[in-house]
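can't give you the sequence, but here's the structure:
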């Protein structure tokens, strides 16, 4: 796991520009730094910096630095790469980046992990490739040499990398299927093409001025959604979409009319319905899950797991435990959890079930309101953009705890809910599917059994099914009248942003109707991308690598193509997973039906412990937003405190919006 930065320019690049960009992300790579520069005579200069280890300076690899970035003077360049290293695989100087291949034909900067790199290396060795290192970075370069852009289809993992072809003078940017690892770009006023792991890196460059992107800001404030498009809340800053690449001559990189580059979508989920039995599917799911976890354990540093007490994280912890016990290494397993002193928000009893079952070395933290006060400013800096709720804060606390216990890699259960139906989001779509197929007996039996497990869920089932048949504009109008959206909209003044607001789902190319559509919607657009954003920045802020075994594409694609009733049925969600892992997990965990996730006693903090503090923060937001947030936001907050409005998380989005404006000096 690392951080990358780069500039391609028809003007002149000074070495200090790339050094400043890269220095801003020390947290992503505390173990080293490296640079390459392409001068006007097409000569590559390979440089190190103050944080380049002595062992790297003294190494003899073709990409070892031979110049010091601090002594390069004012020599101009037309291409520059910067890299910060967090050493995970092959901790030796051989893993230094930027890395070259084939006598300098290719140069790469890379952030991520290719988990099947050992298998790919074996395949390439049969094709007469040889390797100097034991890194997955070199495997990427060899794969690109052999298969070109098609190498992306062979990778199982998470990545954002950039390859420069010195012979063809082309640059190739790529991002993994689900956008687990970030890659942003921005065109400076002098038309330089700048790319980075984090948006804040652009703030060090000449011509940078942070400006609000009105529609994306509105999406966040009203609908609590981010990362659903390639735009960001900063005007002119874009992200290469997950599952996309961009390739161009360095002389021809320029924005289109929209201000964006013309990227290519290389990955789309394939619909190929599974025709086997439920038992057969569960065996395949188990095999794919176990392979994924085993590959995610490949590292040369200490690995731990996040344990929330839910089914997903518990499954990973138990599978890791099974693997380590088989190898006689179970005493190495550590888990990290966030708990609450308020029993209403505490999952400790569920965590203890797993801890007692596996006898792992478990670590717990109990965050309090003062932690939120102390950490929010730093978290928003690392996040680059406002986040949704205190769940992101809790995740940050967990990574901090892992770092304090010398764990560099943390596995967690992110991603499973979106394609396994963890939010109960598939039920209505599945019922409507049964209706369309005239399977009324099966439908009624399912509703009956679901109601037995969760009587509250089906009180208005017919009304909810009828609602689903309505056109999207009608449903949105109903939402605006009957839900909290109407209250939030009354607080926001889009006119102050010169905006006629649209609905964020209008920018998502997938409808929210059938089970496969809902799965794709959540996985690629509306839910998971923002969670992955928070996870990457939270983990990297503590120099910890976050790994997500449930997002192995082979596991996701297999599950995506299962019949709807393999995923949930009769009031039980994640059905295929429960069946597949029933011998791995404790019975109480397998049979657990409720779901809490990362929660905090926010309502108590806000209404009882310190309402004056939060009210003051909202008041500051009103001032900082220059009218975008109306003063009536304070009345809204007061009504929540007095119990006249139900508690929700709008207050936090308002506060973070103001903090974001302040922290990044965002122009309205």
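Yep, it's here. Being a predicted model, the structure only gives us computed values, none of them experimental.

rest of the way, CA atoms for contacts and neighbours
OK.

and the next element down the chain from the worst-scoring helix or strand of the chain on mean pLDDT?
Using mean pLDDT, DSSP states H and E, the weakest-scoring helix or strand in the chain turns out to be helix 472-482, at a mean of 69. Beyond helix 472-482 in the direction of the C-terminus, DSSP states H and E gives the next helix or strand as helix 485-491.

Can you show me the helices along the stretch 451-600 of the chain?
Using DSSP state H, counting those that start in this stretch, the helices of the stretch 451-600 of the chain run over 461-468, 472-482, 485-491, 515-521, 528-541, 553-560, 564-567, 575-580, 587-590.

buried residues in the fourth one?
Spelled out, that is helix 515-521. The neighbour-count check on helix 515-521 (16 or more other CA atoms under 10 Å) flags 515, 516, 517, 518, 519, 520, 521 as buried.

Now do it: which elements does it pack against?
helix 416-420 (3 or more CA pairs under 8 Å, 6 or more residues apart in numbering; DSSP states H and E).

between the helix or strand following the helix it packs on and helix 461-468, what angle do the directions make?
From helix 416-420 onward toward the C-terminus, using DSSP H and E, the following helix or strand is helix 427-436. On the basis of axes from the mean of the first three to the mean of the last three CA atoms, to 10 degrees, helix 427-436 is oriented at 90 degrees to helix 461-468.

so where do the helices sit in the stretch 151-300 of the chain?
With DSSP H, counting those that start in this stretch, the ranges of helices along the stretch 151-300 of the chain come out as 214-223, 278-296.

Determine which of those approaches residue 606 most closely.
With CA to CA as the criterion, residue 606 lies closest to helix 214-223 of those, at 18.9 Å.

average pLDDT across the closest one?
Helix 214-223 carries an average pLDDT of 96.

Repeat that for stretch 247-255.
94.

Need the contact partners of it.
Applying CA atoms under 8 Å, 6 or more residues apart in numbering, the contact partners of stretch 247-255 are 8-10, 168-173, 187, 191, 193, 261-263.

again with stretch 383-403
In contact with stretch 383-403 (CA under 8 Å, 6+ apart) are residues 198-200, 220, 224-225, 233, 304, 306, 336-338, 363, 365, 367, 372, 376, 379-380, 408, 410, 533-535, 537-539, 542-544, 598-600, 602, 649, 652-653, 656-657, 660.

Please, a PyMOL command that selects the buried ones among these?
Listed next is the PyMOL selection for buried residues among the contacts of stretch 383-403, using 16+ other CA under 10 Å:
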select buried, resi 198+199+200+220+224+225+233+304+306+336+337+338+363+367+372+379+380+408+410+533+534+535+537+538+539+542+543+544+598+599+600+602+652+653+656+657+660
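
can you pull the buried residues of stretch 243-252?
243, 244, 245, 246, 247, 248, 250.

from these, which is closest to residue 474?
Using CA to CA, residue 243 comes nearest to residue 474 of the buried residues of stretch 243-252, at 32.7 Å.

picking that back up, mind giving me TSV with the buried residues of stretch 243-252 and columns for distance to residue 313?
Compiled in TSV, these are given as follows (distance: CA to CA, whole Å):
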residue	distance to residue 313
243	25
244	29
245	31
246	35
247	38
248	41
250	44
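
In strands only, show me these.
For those, the ones inside strands are 244, 245, 246, 247, 248, with DSSP state E as the criterion.

coming back round to it: and of the helices of the stretch 451-600 of the chain, who's closest to residue 311?
With CA to CA as the yardstick, what comes closest out of these is helix 587-590 (6.4 Å).

Strands of the stretch 151-300 of the chain, residue ranges please.
Here the stretch 151-300 of the chain has its strands, by DSSP state E, counting those that start in this stretch, at 157-165, 170-175, 184-187, 193-196, 237-239, 244-249, 264-265.

can you put the ones you listed in JSON lines and add distance to residue 421?
Output for the strands of the stretch 151-300 of the chain, formatted as JSON lines (distance: least, CA to CA, whole Å):
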{"stretch": "strand 157-165", "distance to residue 421": "23"}
{"stretch": "strand 170-175", "distance to residue 421": "26"}
{"stretch": "strand 184-187", "distance to residue 421": "30"}
{"stretch": "strand 193-196", "distance to residue 421": "34"}
{"stretch": "strand 237-239", "distance to residue 421": "28"}
{"stretch": "strand 244-249", "distance to residue 421": "26"}
{"stretch": "strand 264-265", "distance to residue 421": "26"}
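
Which among these is found nearest to residue 575?
strand 157-165 (25.5 Å).

the inter-axis angle of that closest one versus strand 244-249?
Interaxial angle, strand 157-165 versus strand 244-249 (the same axes, to 10 degrees): 10 degrees.

same for strand 157-165, what does it pack against?
Packed next to strand 157-165, using 3+ CA pairs under 8 Å, 6+ apart, are strand 106-114, strand 170-175.

Deepest-packed of the ones you listed, please.
Most buried of those, by mean neighbour count (mean count of other CA atoms under 10 Å): strand 106-114, with a mean of 25.

how's the chain carved up into domains?
2-265, 278-420+527-590, 602-664 (automatic domain parsing).

Now the spatially most central residue of the chain: closest residue in space, sequence neighbours ignored.
Centroid-nearest residue in the chain, with CA atoms, centre = their mean: residue 532, separated by 1.5 Å. Nearest non-adjacent residue to residue 532, counting by CA to CA, 6 or more residues apart in numbering: residue 180, 5.8 Å away.

Is the one you found in contact with residue 533, as I believe?
Yes. Using CA atoms under 8 Å, residue 180 is in contact with residue 533, at 7.5 Å.

Tell me which of the helices of the stretch 151-300 of the chain approaches residue 584 most closely.
Comparing the helices of the stretch 151-300 of the chain by CA to CA, helix 278-296 comes nearest, at 9.8 Å.

Can you list the helices and strands that that closest one packs against?
So helix 278-296, by 3+ CA pairs under 8 Å, 6+ apart, packs with helix 311-326, helix 553-560, helix 575-580.

wait, which of these is closest to residue 128?
Smallest distance to residue 128 across the helices and strands packed on helix 278-296 (CA to CA): 27.6 Å, for helix 553-560.
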